[in-house]
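K.L.:
let me see the structure of the following:
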Amino acid sequence: LDFLDQVTLLEPDFAEGWNRRATVHFMMDAYPKAMNDIRKVLELEPRHFAALSGMAAIFKVYDRKQAALDAYSRVLAIYPTMRSAQEEVGRLSEELAGEAL
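P.N.:
As a prediction, this is how the structure comes out:
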C-alpha cells in the first residue's frame with residue numbers, strides 16, 4: 001500500500017496505479033477508500049473495465065443491487081465477452097426481478 005501511495009503521488013495520471021491501490025483497499029475491506037480510487041481511475045480512463053468491475057463488487061457488498069447491475073452493464077458495454085460480468089448481470093437481473101414481485 002505504501003508503494004502504491006507513492007505511485008499515485010508521483011504519477012497521478014497513471015490510471016493503473018490508482019486501480020492497483022483500489023484493489024489493495026478492497027482486499028483490506030476498506031471499501032470507501034477503494035471507491036475513491038476507482039473514481040479517480042474512471043476519471044482518467046472511463047473505459048477501465050476492471051475498475052468498473054471493482055465498483056460493481058463494492059456495490060454488491062453494500063447490497064446495492066441496481067447500482068451493481070448498472071456497473072456490470074457498463075463493463076459489458078466495453079468488454080462484452082467478460083464471463084464474470086455476464087454471470088453477475090444474469091444473477092442480479094434475476095434477483096431484482098424477484099424482488100419486484
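K.L.:
and the helix or strand bottoming out on mean pLDDT in the chain, how far out from the chain's middle?
P.N.:
Of all helical and strand segments in the chain, the minimum by mean pLDDT, DSSP states H and E falls on helix 83-100, at a mean of 94. Relative to its chain's centre, helix 83-100 lies at 16 Å (C-alpha atoms, centre = their mean, to the nearest Å).
K.L.:
show me what that helix is packed against.
P.N.:
helix 49-61, helix 65-78 (3 or more C-beta pairs under 8 Å, 6 or more residues apart in numbering; DSSP states H and E). Using the backbone N, CA and C atoms, a C-beta is placed for each residue, glycine as well.
K.L.:
so, low pLDDT: which residues of the protein?
P.N.:
The model of the chain has pLDDT under 70 over residues 101.
K.L.:
now do the buried residues in the least confident helix or strand of the chain.
P.N.:
Buried positions in helix 83-100, judged by neighbour count with 16 or more other C-beta atoms under 10 Å: 85, 88-89, 92.
K.L.:
nearest to Val7 among those?
P.N.:
Within the set of the buried residues of helix 83-100, Ala85 lies nearest Val7; the separation is 26.6 Å, counting by C-beta to C-beta.
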